[in-house]
Each structure stands twice: as structure tokens, then as C-alpha cells.
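S.K.: give me a model of this one.
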Amino acid sequence: MTSFAAPRISCEVVEPYSEDVARIFNIQRYSLNDGQGIRTVVFFKGCPHTCPWCANPESLSPRIETVRRESKCLRCAPCLQDADECPSGAFERIGRDITLEALEREVMKDDVFFRTSGGGVTLSGGEILMQAPFATRFLQRLRRWGVSCAIETAGDATASRLLPLAKECDEVLFDLKIMDPVLARDVVKMNLPRVLDNLRLLVEEGVSVIPRLPLIPGYTLDADNVQRALTLLLSLRITQVHLLPFHRYGEPKYRLLEQPWTMKNVAIPSEHEVAALREMAERAGFQVTVGG
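M.R.: Prediction:
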């Protein structure tokens, strides 16, 4: 059983979010793949995009959802279908609301790891720009403690939402997906011209941007798409890039949410395919990281 997901909404829509309360679905500690050093990653709920390959389907709806784990069910009669009352934890709530103060307390528990590893806090999703006002205020608090801050974003919102948040970051992990504007609009509901304008703006404003290119069979795993991204980055004098090969880690989540996954029968990229695109980027002068 799963509560139905809400329809996609724009990053300009703020409900049910506010500047004082965020809706998150996970806090992942000891991460090594979302910025420098050991990171604590806060996953925010809600995303306006429709990427078929999304590895976090629980992030898409801004609503708090309830799922049922069959393996934990005790077959209680009657079943209350209530995550708070379920004796075995078979019913589980995905998403919770948290205040600025409470989230600050949560992440600062890991301060010793930040300071000893050169790590910090990364805000992810979902799409963090949907909760940009809260995120901006939150990072301002962390920076007062000297914590390194980063966000992961696809950059598809007004500059007035993106820029204040990005300026509170030590680095912005910026995803470049489908580089054809028509396909980007039709497949992932993304305004590519706005995304590229925002990327240029961040560079002009001196924000440290780390571009990331997901390598998705049937969508972005081809030389033409990668070359378009690399050409743009070179024009902006960006010379590092992360390549993110498609993986299947999110598949169990789709089953749990009782949602279809259109990538179910898609094979992960071969080492040869990834190596060829890595070599293309390196020949163009890029410092390449696979993963990250």
C-alpha cells in the first residue's frame, strides 16, 4: 500500500514548504560521494522533474507518504494501517517536517567528521530549489559554524531562487542531463535554456561549480550529448567534470512504492562505454571523475 504521489510541480511553487520548516526524507551520514571529505547529506522531498532513471523515487512527491513492507507484516487483525501504531514497523512513513533549529542540531552531531576530513553538509533531493528559502537560511547557519556547504541541483528555477542559495555554498554539484532543449522539455520536464543561463550566471558570479553528467542508456549515454555538454563547459572555462553511470540501486524503492520503473530492463553501461566517454572528456582537457 502506498499513498498516491502528487503531480509534478514547479520549483516556483512553495507549498507545502516555508522558510522555517523543511520537508526531508533522509539524513545520510558518512557519505563520500556528494562533495569533498566525509559528508552528511540531507535529502529534501519534492522534485518537479520526470527523469525516468531517478534513483530516489521517494523524493519525487512533496507529500509525506506511507508504505508497507511485506517482510515485516505480522498480519494484525484489524490492521490500523498507521505508521505510528504498527507494532512491527511494517507501515513506514516517508518524509517528515523539520525546523531550522532541529536540522542544525542533527547535522552538527557530525561536526568532528567534517573538521577531520575536510567534509561538510550537502543538500540533495528531490530538487533542493523547491525549498530554496529554507535551504539558504540553513546554510547561512552552518557557515557561521565554519561548515563546508554544498548542494546538488539541476538548476531549473529562477535565478532569484538559485543564486542566493548557491552563494552560500563552497561548491555546487550541477547536473547536466539531456542537452537537447526539446527532449529535455518532453522527457524530464526541464527548461534547458534557463538551466544553461543559470549555469553561466553561477560561473560569472564566482560560484564553484562541479558539473555532473549522468550517463543513461537511451537518453544521455551517447557521444553527441556528452560533447554538447563538454563544449558548453569549455566555453565557461570549466575543466572538471563528474560522469555518473546509470545504476539500478533505486529499483527496490519502486517496488516498495508500488510504482512502475520504465528502466527495469535497461542494462547498466559497460566499462567500455564509460571509458570511451571518459577518454573523450580527457582529450578535451577535462579532469574526469567517474562517480562522485
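S.K.: give the closest residue to residue 37 in space, chain neighbours not counted.
M.R.: Nearest non-adjacent residue to residue 37, counting by C-beta to C-beta, 6 or more residues apart in numbering: residue 119, 2.8 Å away. Quick note: C-beta positions are derived from backbone N, CA and C, even for glycine.
S.K.: what does the pLDDT read for residue 9?
M.R.: We have a pLDDT of 44 for residue 9.
S.K.: what strand or helix carries residue 107?
M.R.: helix 100-108 (DSSP states H and E).
S.K.: do residue 26 as well
M.R.: Assigned by DSSP H and E, residue 26 falls in strand 21-31.
S.K.: show me what the following helix or strand past that strand is packed against.
M.R.: Reading on from strand 21-31 to the C-terminus, the next helix or strand found by DSSP H and E is strand 39-44. Secondary-structure packing of strand 39-44 (3 or more C-beta pairs under 8 Å, 6 or more residues apart in numbering; DSSP states H and E): strand 21-31, helix 100-108, strand 120-124.
S.K.: what strands flank strand 39-44, and is each parallel or antiparallel?
M.R.: If you go by DSSP bridges, strand 39-44 pairs up with strand 21-31 (antiparallel), strand 120-124 (parallel).
S.K.: what about residue 105, distance to residue 72?
M.R.: Applying C-beta to C-beta, to the nearest Å, the value for residue 105 to residue 72 is 29 Å.
S.K.: which residues in the stretch 101-250 of the chain form strands?
M.R.: Assigned by DSSP state E, counting those that start in this stretch, the stretch 101-250 of the chain shows strands spanning 120-124, 148-153, 171-175, 209-215, 240-245.
S.K.: tell me the most buried of those strands?
M.R.: strand 120-124 (a mean of 27; mean count of other C-beta atoms under 10 Å).
S.K.: quick one: that one to strand 171-175, angle?
M.R.: 30 degrees (axes from the mean of the first three to the mean of the last three C-alpha atoms, to 10 degrees).
S.K.: ok and strand 120-124 relative to strand 148-153, angle-wise?
M.R.: 20 degrees.
S.K.: now strand 120-124 - C-alpha only, PDB.
M.R.: Extracted in PDB, the C-alpha atoms of strand 120-124 (Å, rounded to 0.1, in the frame of the first residue of the first chain):
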ATOM      1  CA  GLY A 120      30.700  19.100   5.400                       C
ATOM      2  CA  VAL A 121      27.000  19.100   4.600                       C
ATOM      3  CA  THR A 122      25.400  18.600   1.200                       C
ATOM      4  CA  LEU A 123      21.700  19.300   0.500                       C
ATOM      5  CA  SER A 124      20.200  17.000  -2.000                       C
END
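S.K.: before we move on, back to that, CSV for the helices and strands packed on strand 39-44, including mean pLDDT and distance to residue 65?
M.R.: Formatted as CSV, the helices and strands packed on strand 39-44 follow (pLDDT from 0 to 100; distance: least, C-beta to C-beta, whole Å):
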stretch, mean pLDDT, distance to residue 65
strand 21-31, 94, 9
helix 100-108, 96, 20
strand 120-124, 97, 18
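S.K.: out of those, nearest to residue 83?
M.R.: strand 21-31 (13.3 Å; C-beta to C-beta).
S.K.: what comes up buried for that closest one?
M.R.: 22, 23, 24, 25, 26, 27 (16 or more other C-beta atoms under 10 Å).
S.K.: please apply the same query to stretch 189-198.
M.R.: Neighbour counts over stretch 189-198 (16+ other C-beta under 10 Å) mark 190, 191, 192, 194, 195, 196, 198 as buried.
S.K.: now stretch 243-258
M.R.: So for stretch 243-258, counting by 16+ other C-beta under 10 Å, buried means 243, 244, 245, 246, 250, 253, 254, 256, 257.
S.K.: and if you look at stretch 262-276?
M.R.: 263, 266, 269, 274.
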